[in-house]
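# this one's structure only:
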């Protein structure tokens, strides 16, 4: 648009009288030679400038239009060819708001007339966009392609009509707006060429109650959806074959979850150009929520169908169209969702097909509902059992529609079959089970029983039926009920023991398992299982007896003695005395006559004590050759001296044994409770300390426990506690003494335990091992030594590269987990099996249990070597040594120390070396302290040596230094 001062000339060439102070020029859309102007005194005019103007000119040249001169009436008229105006009379030009006669020539008709395609009325568009309502009459000139368009200005008529219909229109508009609000729909018109959008008030109310922004009517569309909406609108506009569009979008997130449906229709010109878009926007949030709920409900329904294995079908018999749900397809193994009745029938098991077909035909013909169960062969050949339901439903058109369900009951029927078989098996089991089973009614009367219960009680079934539960109980237990009713209804419980009465009067002990239940008719009953525990009770009593009595002599053992003492110490009358009796020289009997003879002697002595002790005294056996006598009232026995004399006399009685008469004696230690006595264990410990002192003073003596002995015992107890703590805190140490060959090369090392006591310094095993043995710590010490020695020996290598073994002395190999203990230690250390030597003293091996022998043999098979320690001091025979799985014999130091000076020691040593060589054993001499001993032993053929001549026992780090130095003899 240009603004300037301008002198205008009339068409005839005369000048305009006045001067336009303000002139606006607007180039028209088609003809750059024509401009529209507006002056203060003239609202609108058009003219051609007399000289070129600086107005943009299209690059494409204007079409050269023919201008046939047709005689036109005075009323507005146009002549068009090919949709383009080729001639216009002056009244048409003026009606169109233009000035020059040919200003309409060359314009497309649809640019002049809006809405021409909708009927006879249209809007004549002026150059400034203002319109004039006209009524159009079209006439084609015969024999030509010319279209004559007659225009009638109906502005006055439209104004009158508008006046008449304003009220009706307002009412209709209000109803339309209300309908839009109810349907949550808003309408709009998008003038595409001018990009002007008008909309109904209901449209703004859709978007969270806010009005649509006139500058941006799409401001309430979700930012992520807006590009897609515009893209699809432009695609529709660009596609001349497309006139409608549906797009769903989301509202702004801050207004909550909302969805809208936009529907557009494009109004196009004859040439296909879009004039405007007419559309609606509808709030479909509730619809989508309902759809989601329906989909979720449908999903749950489908899932429920899948879980229950129930399929749904619908059959139209008129067109034989059978629709199956997804579950139906899964049940029958068919992929097709739509099939026919014959397809269904072909899947029915051949043996069931005929009668199944008859049922479905009755449904079609007579509308008889179907409820049946039959077999099917799935598409993959698997046989299943299904239950079918079907019914006829009349459709709205009067046609018959069949619907129903199919449920896979294969597993259910299989379970029922298994249950029936199980019930039958249970009935058979009840009939043949060796356990008695009886059923009692609410009146505690037996109504049924199996054969086992009849045999258990010695009655026939007819006699048992009707008997009360009380009649089954032994008279000695009639005060107790057979069972109780505290668990009536649903619970089960056990009666550990009831003594019942057999038909022959004999007692029978039973354990009862009672279960309360209810029959199908509502009657309650009790199912009682009778387990005969008579033999179990006898065995339990025997086991209890064995647990509290010595197996050899039948006297109470240590556990029973402790229990007896505990009961006596609780009473106020504490005139109690405990006598420890250690048989003198009992080992000689074993060595001379054998262990069986020794056992016979112990049995005879026990019987003498049992029969000869006065009332109020109880004898027991603690271990080996140690008996104990407990007196509950020492005053009644005449005092300690009198009781000791009685007991000593009983133990000194002559006993005939293997053709000889043996008379033994015993050292006796006596302890009585005082203020310092804590319990039975303390009293036994004091008596043990007293008998130890009695044996030290000589045979046949007795010693009364006194303060000094008790103090000594207390020191032993304290040392034992400290030893336990040292074990827990890993405060013990191992020293290693090398075992060398004749040339001084280290072959192995014996692990020797030491205790660095925090108060008494380094303690040797002689000090604390007796305490450990008395306190039952030997096995725990053995395990600690084994694990520690193997761990520290893992990296031992001699100076020349050969591996060095470690020897561990075991005090007690009788543990049932002996093999497992060694295997665990070896596994944790990673040490090879063949580098472990286990040493057992000869006295331990004299009477080795068979289980320990087997364990030793198993370890030997894995590579472990065994050594007999202190050989020559245990009175073992050559035959017994030959049977032992030991590969090494260690000659005791008592013989080695005198080998060069005492002929008897030399003879014993030579005999042991010769015996070891004859039995293919390795002989090791212990305690070699000087070169003279070494030379003599070497001359006798000893294989290896151990003693101070080579090295004392040293800690682990120092032993590693010895390994690095090389041979210990230079």
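Good, I have the coordinates. Computed from a predicted structure; not experimentally measured.
# show me what contacts residue 918?
Applying CB atoms under 8 Å, 6 or more residues apart in numbering to residue 918 gives no contacts. From N, CA and C alone the C-beta is placed, and that goes for glycine too.
# Look up phi and psi at it.
phi -70, psi -30 (degrees, to the nearest 10).
# any idea how far residue 631 is from it?
Per CB to CB, to the nearest Å, residue 918 is found 56 Å from residue 631.
# and if you look at residue 88?
Taking CB to CB as the measure, residue 88 falls 153 Å from residue 631.
# cool, residue 276 as well?
With CB to CB as the criterion, residue 276 and residue 631 are 127 Å apart.
# okay, those two: which has more neighbours?
The neighbour comparison of residue 276 against residue 631 (other CB atoms under 10 Å) goes to residue 631, with 25 against 19.
# check contacts around the more buried one.
Residues near residue 631 by CB under 8 Å, 6+ apart: 576, 577, 578, 579, 616, 617, 637, 643.
# Residue 678 in helix, strand or coil?
At residue 678 the chain is in coil, as set by DSSP: H, G, I helix; E, B strand; the rest coil.
# So what sits opposite residue 108 in the bridge?
For residue 108, the beta-bridge partners under DSSP bridges are residue 84.
# Would you mind measuring from it to residue 304?
Distance, residue 108 to residue 304, by CB to CB: 65 Å.
# Please identify which of those two sits among more neighbours.
Between residue 108 and residue 304, counted using other CB under 10 Å, residue 108 has the larger neighbour count: 18 against 11.
# any idea how far that one lies from residue 278?
According to CB to CB, residue 108 stands 22 Å off from residue 278.
# Next: residue 604.
Distance of residue 604 to residue 278, computed by CB to CB: 128 Å.
# For the two, indicate the residue with more neighbours.
Under the criterion of other CB under 10 Å, the comparison of residue 604 against residue 278 puts residue 604 first, with 18 against 13.
# Helix, strand, or coil at the more buried one?
What three-state DSSP gives for residue 604 is helix.
# got the contact list for it?
By CB under 8 Å, 6+ apart, the contact list for residue 604 reads 655, 657.
# mind checking the SS state of residue 899?
Classification of residue 899 by three-state DSSP places it in coil.
# Verify the contact between it and residue 909 for me.
Yes. Using CB atoms under 8 Å, residue 899 is in contact with residue 909, at 5.1 Å.
# Overlap in contacts, the two.
Residues touching both residue 899 and residue 909 by CB under 8 Å, 6+ apart: residue 937.
# Contacts made by the particular helix or strand that has residue 356 in it with the rest, please.
Residue 356 is part of helix 353-366 when elements are defined by DSSP states H and E. Residues outside helix 353-366 that contact it (CB under 8 Å, 6+ apart) are 317, 341, 345, 348, 368-370, 372, 374, 390-392, 400, 402.
# Tell me which residues of the helix or strand following it come out buried.
Downstream of helix 353-366, the next assigned helix or strand under DSSP H and E is strand 370-377. Residues of strand 370-377 classed as buried by neighbour count (16 or more other CB atoms under 10 Å): 370, 374, 375, 376, 377.
# Next, count neighbours for residue 549.
Using other CB under 10 Å, residue 549 has 17 neighbouring residues.
# Surely it is in contact with residue 556?
Yes. With contact defined as CB under 8 Å, residue 549 counts as touching residue 556 (5.8 Å).
# Low-confidence stretches in the stretch 701-850 of the chain?
Low-confidence segments of the stretch 701-850 of the chain (pLDDT under 70): 812, 814-816, 843, 845-849.
# Residue 569 falls within a helix, correct?
Yes. Counting by three-state DSSP, residue 569 is located in a helix.
# show me what contacts it?
576, 673, 677, 679, 680, 683.
# From these, pick the one nearest residue 584.
Nearest to residue 584 among those, counting by CB to CB, is residue 683 at 23.4 Å.
# Mind checking the pLDDT average for the strand or helix carrying that closest one?
Using DSSP H and E, residue 683 sits within helix 680-697. Averaging pLDDT along helix 680-697 yields 84.
# List the contacts of that helix.
Helix 680-697 has contacts (CB under 8 Å, 6+ apart) with 561-563, 565-566, 569, 576, 578-582, 584, 626, 628, 667-671, 673, 676-677, 701-705, 709-710, 712-713, 716-717, 774.
# model confidence over the helix or strand hosting residue 264, on average?
Here residue 264, judged by DSSP H and E, is contained in strand 259-268. The pLDDT scores in strand 259-268 average 89.
# Does anything pack onto it? Which helices or strands?
Here strand 259-268 touches helix 226-238, strand 244-250, strand 274-283, helix 285-308, going by 3 or more CB pairs under 8 Å, 6 or more residues apart in numbering; DSSP states H and E.
# Domain-wise, how is the protein divided?
Per the record, the chain has its domains at 2-157, 171-283, 301-414, 433-538, 549-705, 724-965, by automatic domain parsing.
# Dump those to JSON lines, plus distance to residue 290.
Putting the domains of the chain into JSON lines (distance: least, CB to CB, whole Å) gives the following:
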{"stretch": "domain 2-157", "distance to residue 290": "38"}
{"stretch": "domain 171-283", "distance to residue 290": "12"}
{"stretch": "domain 301-414", "distance to residue 290": "16"}
{"stretch": "domain 433-538", "distance to residue 290": "47"}
{"stretch": "domain 549-705", "distance to residue 290": "81"}
{"stretch": "domain 724-965", "distance to residue 290": "70"}
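# least reliable of those going by mean pLDDT?
Lowest mean pLDDT of the domains of the chain: domain 2-157, a mean of 63.
# Name the helix or strand for residue 389, please.
strand 383-394.
# Sheet partners, orientation included, of that strand?
Sheet pairing of strand 383-394 (DSSP bridges) gives strand 370-377 (antiparallel), strand 400-408 (antiparallel).
# Out of these, which gets nearest to residue 181?
Within the strands paired with strand 383-394, the stretch nearest residue 181 is strand 400-408; the backing value is 40.2 Å (CB to CB).
# moving C-terminal of that closest one, what's the next helix or strand?
Per DSSP H and E, the helix or strand that comes after strand 400-408 is helix 410-432.
# Name the residues of that next one that come out as buried.
Buried positions in helix 410-432, judged by neighbour count with 16+ other CB under 10 Å: 410, 430.
# name the helices or strands packed onto whichever strand or helix holds residue 860?
If you go by DSSP H and E, residue 860 is part of helix 850-862. Packing contacts for helix 850-862, counted by 3+ CB pairs under 8 Å, 6+ apart, involve helix 818-829, strand 865-871.
# ok, and which of the ones you listed has the densest surroundings?
Mean neighbour count (mean count of other CB atoms under 10 Å) peaks for strand 865-871 among these, with a mean of 23.
# what's the angle from that strand to helix 850-862?
When axes from the mean of the first three to the mean of the last three CA atoms, to 10 degrees is applied, the directions of strand 865-871 and helix 850-862 differ by 120 degrees.
# Show the secondary-structure elements that strand 865-871 is packed against.
Packing contacts for strand 865-871, counted by 3+ CB pairs under 8 Å, 6+ apart, involve strand 805-809, strand 836-841, helix 842-845, helix 850-862, strand 888-891.
# neighbouring strands for that strand, and are they parallel or not?
strand 836-841 (parallel), strand 888-891 (parallel).
# hang on, the earlier thing: minimum distance to residue 187: which of the strands paired with strand 383-394 has it?
Of all these, strand 400-408 sits nearest to residue 187, with 41.2 Å by CB to CB.
# how distant is that closest one from the center of its chain?
The chain centre lies 42 Å from the centre of strand 400-408; the measure is CA atoms, centre = their mean, to the nearest Å.
# Okay, buried residues for that strand please.
For strand 400-408, the neighbour count (16+ other CB under 10 Å) marks 401, 402, 404, 405, 406, 407, 408 as buried.
# what's the neighbour count on the nearest residue to the fifth one once chain neighbours are set aside?
On the basis of CB to CB, 6 or more residues apart in numbering, the spatially nearest residue to residue 406 that is not a chain neighbour turns out to be residue 311, at 4.7 Å. The burial count assigned to residue 311 is 23, neighbours taken as other CB under 10 Å.
# need the strands for the stretch 401-550 of the chain, in chain order.
For the stretch 401-550 of the chain, the strands defined by DSSP state E, counting those that start in this stretch cover 436-440, 446-449, 492-501, 507-518, 524-532.
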